[in-house]
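[1] Just the structure for this:
(4 chains)
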2 protein chains.
Amino acid sequence: MNQGFGNGRELRPTTKVLPEHARGHNRSLVMQTLYREGQLSRADIARETGLTRVTISDLVADLIGENLVIEIGQREDARPGKPATLLDLNRDAFQIIGIDLSEYARFRGALLDLDGKILERAELPLAGSTGDAAQQKVVALVELLIDKATRPILGIGVGSPGVVDLAGVVLTAPNLGWTNRSLQQELAERFGIAVIVINDANAAVLAEHSFGGATSDMMLVKVGHGVGSGLLLAGIPLFGSRFAAGEIGHVVVGTDGGLACVCGKVGCLETWLATPRLDAALALARTAEQKEQILWAAGERLGIALAPVVGALDLSEIVLSGPTELLDGTLARATIETIRARSMPEFHGNLVLRMTTLGEDIVLRGAAVMVLSGQLGVS
Amino acid sequence: MNQGFGNGRELRPTTKVLPEHARGHNRSLVMQTLYREGQLSRADIARETGLTRVTISDLVADLIGENLVIEIGQREDARPGKPATLLDLNRDAFQIIGIDLSEYARFRGALLDLDGKILERAELPLAGSTGDAAQQKVVALVELLIDKATRPILGIGVGSPGVVDLAGVVLTAPNLGWTNRSLQQELAERFGIAVIVINDANAAVLAEHSFGGATSDMMLVKVGHGVGSGLLLAGIPLFGSRFAAGEIGHVVVGTDGGLACVCGKVGCLETWLATPRLDAALALARTAEQKEQILWAAGERLGIALAPVVGALDLSEIVLSGPTELLDGTLARATIETIRARSMPEFHGNLVLRMTTLGEDIVLRGAAVMVLSGQLGVS
DNA sequence: ATAGTTTGTTCGTAAGCTTTACTAACAAAC
DNA sequence: GTTTGTTAGTAAAGCTTACGAACAAACTAT
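    Numbering: from 1, shown residues only, chains lettered A, B, ... in the order given. Now for the predicted structure:
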């Protein structure tokens, strides 16, 4: 419904702004305040936002009229003055569908509430489908979840692998055999509901930021069948000049060779880190010590690749998403130590590297964040 | 006077927006349109911006009242209808002072007009000054330039080496012996004029974007006594979580050792690329071929460091600033070829790497851009 | 009981943009 | 020379948005 103006530091104003846009922004600000802090009175919101009680009352009346906000009842505590009428988002009024297309063998989906909690799940084996067949599976998965919904659907969020533009067109997704596929538009026409399609790693970043407590200058590295990443800089997701930001899987790491990659180069990050390669290498290892060496080497390579990025972007946090048994431990330790050894300790000494707290649902939940943000201006 | 709302894609609205902010934005939009396209009528601006002729007339009346915009005269061409009254920014009403503190041996400054053209220059040898003495030289340089001004000064822009926060406090600048120095505040109090202090590489990025025709997803690498960089992502300058974005000089490059660096590490980018190191290496070379090899190796190292950054950020352009005789040619060629060889050609095949077109004045002019942007909402 | 505090609403106002309608000034065609 | 049609800029009225002042309701504290 609204995107907000933000406090962007763009140099050049580029589009007109009308008073009604300002109101839309303030509307989102009210929703945002309620979303994060829960039950508040109109006067509370006024104090929080800096708008007057009068204006807040007016905005809240609109939102109540649209059934987005409800009155909970009176505040119980004993204070002087007229008791406050508590408000909250009508958290039970809508549900969200989140879809994760990033796994190799299956599509996963879930029905979520407005707080991002997963209410129902569904999945479909991909069974090698590509092209239109793969898209049909997405449609079928959405239908499964719509059937499970007990409230109106606020929107459908889809995290897709590959390169996705801002209009939700999947420009390229090799594993699914998709090129220039208008997934957002086609799903929206099919279901008549708001649909948002975004790259899987970018979805993961948003989930980690909203639900995982991540900072505003963060990189999320997603290790699976391939290696990708998403970036949040000054609280803004980065998409890149050709919507390909975060594609680090086929960057060559180090100056001492490595294994041949499917892309034709030698020593790409994926040859060290992608789970099929890592599993294969570990399977050949005889001793625990050898396994540790393999994991350490993989983490070291990731650190070598990330050190220049950390330096250039002055990141405060790096989050890993993927198989915990591979990533958490030696590999993560090697990564952070390598980054520290190769960058400036006075700036990046307190860089944090950690596993995601959201597990396998990270993309699902990130897709839901996009819906919340796009439909309610909230996240 | 105004920052504009921008079209930021921040997820969370954070501050209230009033109608008067919307007007400030639209005001900047008018100024911006005039700044870029020169002589336009009110009706032209209305068509360009999407606002109505009435609103534009109102805004223009304000701006004329403040002497920021002037009527030039009537449009000459023969068309049906009432002839248009042409407007323009009052480009001759103000002048700007730009200061560059990034050179090793001297402070440079200039008096510029609103188009960023340099009208007068001044410089002071640094002569090893640090701390308060260095700041006194900045003050003296500004005084020299104020004396040369023939118009009111719109503002003073300063590009400083080191880490500079958003309030214009130089957190650390080793070469100048500065820590937590409130340069912006102190200069503003001293001169009673708007002052903006920004990191030198960030200033350079803004200059290249405004005057050098650079794209909106660009990195500028500044090679001198040290190596630094500035980033523009989706048209927004990146400052970083601790205002240290772009500090790539002490990132270790490659996995095959290198020379010892003053910072204690081995193989930092600066050990390959900083001009003192490069000059020293070239002085030892006997043949032209050896010199080429040295330049190639330096460019290759830069490419190795930048490849992960290019991949992660999906940059469209890299601009080099520094001694042309060192950078332009073999070194630049080695850099771009190395980046291409180490990243994905389908995304970064048309990445452009070039020298800046602004020469040694790049920081000066970038500082002026900050003043234009901060004071007029224009750049 | 009385005084003070807090909440939320009503009323009137200021600012900002739009729509509508107008005048001024011109070119083209007769 | 007159008519027609177009473009520029302005004036008036109206809508939206937010604000401040004032107030009633409802509570606590004394």
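[2] is chain B contacted by stretch A:339-357?
    Yes - Stretch A:339-357 lies within reach of chain B by C-beta under 8 Å from any C-beta of the partner chain, at A:341-344, A:346-347. For glycine as for every other residue, the C-beta is placed from the backbone atoms N, C-alpha and C.
[3] number of nearby residues for A:Arg340?
    17 (other C-beta atoms under 10 Å in any protein chain shown).
[4] Now do it against chain B, distance only.
    11 Å (C-beta to the nearest C-beta, to the nearest Å).
[5] Tell me where the stretch 1-150 of chain A has strands.
    Here the stretch 1-150 of chain A has its strands, by DSSP state E, counting those that start in this stretch, at A:40-41, A:69-74, A:85-89, A:95-100, A:106-112, A:118-125.
[6] most tightly surrounded among the ones you listed?
    A comparison of those by mean neighbour count, using mean count of other C-beta atoms under 10 Å in any protein chain shown, puts strand A:95-100 on top with a mean of 27.
[7] packing partners for that one?
    Strand A:95-100 sits against strand A:106-112, helix A:131-148, strand A:153-160, helix A:362-376, with contacts defined as 3 or more C-beta pairs under 8 Å, 6 or more residues apart in numbering or on different chains; DSSP states H and E.
[8] what's the domain layout of chain A?
    A:19-89, A:95-206+A:362-376, A:214-356 (automatic domain parsing).
[9] For chain B, which of the helices and strands packed on strand A:95-100 is the nearest?
    helix A:362-376 (5.1 Å; C-beta to the nearest C-beta).
[10] which bits of the stretch 51-200 of chain A sit near DNA strand D?
    Contact residues, the stretch 51-200 of chain A versus DNA strand D (C-beta under 7 Å from any atom of the strand): A:51-52, A:54-55, A:58-59, A:78-83.
[11] The same query, at a cut-off of 6 Å, please.
    For the stretch 51-200 of chain A, the residues in contact with DNA strand D (C-beta under 6 Å from any atom of the strand) are A:51-52, A:54-55, A:78-83.
[12] ok, which pair from those is furthest apart?
    Across those, the longest distance by C-beta to C-beta is 28.7 Å; it joins A:Thr55 and A:Ala78.
[13] just checking, what's the longest helix in chain A?
    helix A:288-313 (DSSP state H).
[14] Could you check the angle that one makes with helix B:288-313?
    Interaxial angle, helix A:288-313 versus helix B:288-313 (axes from the mean of the first three to the mean of the last three C-alpha atoms, to 10 degrees): 90 degrees.
[15] Among the residues of stretch A:339-357 next to chain B, which one sits closest to B:Gly73?
    The nearest member of the residues of stretch A:339-357 next to chain B to B:Gly73, counting by C-beta to C-beta, is A:Phe347 at 54.9 Å.
[16] quick one: that closest one and B:Arg242 touch, right?
    Yes - checked against C-beta atoms under 8 Å, the pair A:Phe347 and B:Arg242 is within contact range at 6.0 Å.
[17] before we move on, the earlier item: take the strands of the stretch 1-150 of chain A and write them to CSV, including mean pLDDT.
    Output for the strands of the stretch 1-150 of chain A, formatted as CSV (pLDDT from 0 to 100):
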stretch, mean pLDDT
strand A:40-41, 94
strand A:69-74, 90
strand A:85-89, 94
strand A:95-100, 98
strand A:106-112, 97
strand A:118-125, 97
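[18] Now distance to A:Ala298 too, for these, in CSV please.
    Output for the strands of the stretch 1-150 of chain A, formatted as CSV (distance: least, C-beta to C-beta, whole Å):
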stretch, distance to A:Ala298
strand A:40-41, 47
strand A:69-74, 49
strand A:85-89, 43
strand A:95-100, 24
strand A:106-112, 25
strand A:118-125, 29
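[19] what about the ones you listed, which gets the closest to A:Leu313?
    Across the strands of the stretch 1-150 of chain A, closest to A:Leu313 is strand A:95-100 (C-beta to C-beta), at 26.4 Å.
[20] which residues touch the closest one?
    A:107-114, A:119, A:138, A:141-142, A:145-146, A:149-159, A:200, A:203, A:363-368, A:371-372 (C-beta atoms under 8 Å, 6 or more residues apart in numbering or on different chains).
[21] Can you give the strand pairings for it, parallel or anti for each?
    With DSSP bridges as the test, strand A:95-100 is paired with strand A:106-112 (antiparallel), strand A:153-160 (parallel).
[22] could I get the ones you listed as JSON lines with distance to A:Asn67?
    Output for the strands paired with strand A:95-100, formatted as JSON lines (distance: least, C-beta to C-beta, whole Å):
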{"stretch": "strand A:106-112", "distance to A:Asn67": "19"}
{"stretch": "strand A:153-160", "distance to A:Asn67": "12"}
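[23] closest one to DNA strand C among the ones you listed?
    Shortest distance between DNA strand C and the strands paired with strand A:95-100, using C-beta to the nearest atom of the strand, is found for strand A:153-160: 26.1 Å.
[24] what are the C-alpha coordinates of that closest one, in CSV please?
    Taking Å, rounded to 0.1, in the frame of the first residue of the first chain, the C-alpha atoms of strand A:153-160 are listed here in CSV:
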residue,chain,number,x,y,z
ILE,A,153,-4.3,-13.8,2.2
LEU,A,154,-2.3,-10.5,2.5
GLY,A,155,0.0,-11.5,-0.3
ILE,A,156,2.3,-14.2,-1.7
GLY,A,157,6.1,-13.8,-1.3
VAL,A,158,8.4,-15.9,-3.4
GLY,A,159,12.1,-16.3,-2.9
SER,A,160,13.6,-17.6,-6.2
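[25] what number of residues lie near A:Leu306?
    By other C-beta under 10 Å, 29 other residues sit near A:Leu306.
[26] Now for it: which residues touch it?
    Going by C-beta under 8 Å, 6+ apart, A:Leu306 touches A:219, A:221, A:318, A:335, A:339, B:308.
[27] Specify the beta-bridge partners of the third one.
    Following DSSP bridges, A:Ile318 is listed with bridge partners A:Met219, A:Leu353.
[28] Could you list the low-confidence segments of chain A?
    A:1-10, A:78 (pLDDT under 70).
[29] Surely A:Leu320 is in contact with A:Gly224?
    No - using C-beta under 8 Å, A:Leu320 makes no contact with A:Gly224, being 11.3 Å away.
[30] coming back round to it: A:Thr55 and A:Ala78: which has the busier surroundings?
    Neighbours were counted for A:Thr55 and for A:Ala78 using other C-beta under 10 Å; A:Thr55 has more, 19 against 6.
[31] Would you mind confirming that that one makes contact with A:Asn26?
    Yes - using C-beta under 8 Å, A:Thr55 is in contact with A:Asn26, at 7.3 Å.
[32] now what about stretch A:38-56, what contacts it?
    With C-beta under 8 Å, 6+ apart as the test, stretch A:38-56 has contacts from A:26, A:29-30, A:33-34, A:37, A:57, A:59-60, A:72, A:75, A:84-88, B:15-16.
[33] filter those down to the ones close to DNA strand C.
    Within the set of those, contact with DNA strand C (C-beta under 6 Å from any atom of the strand) is found for A:57, A:84-85.
[34] Tabulate those (JSON lines), appending distance to A:Gln290.
    Converted to JSON lines, those look like this (distance: C-beta to C-beta, whole Å):
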{"residue": "A:Ser57", "distance to A:Gln290": "68"}
{"residue": "A:Ala84", "distance to A:Gln290": "65"}
{"residue": "A:Thr85", "distance to A:Gln290": "66"}
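[35] Could you count how many residues lie near the nearest residue to A:Arg53 once chain neighbours are set aside?
    Spatial nearest neighbour of A:Arg53, chain neighbours left out: A:Ala46 (4.5 Å); criterion: C-beta to C-beta, 6 or more residues apart in numbering or on different chains. If you count neighbours by other C-beta under 10 Å, A:Ala46 ends up with 19.
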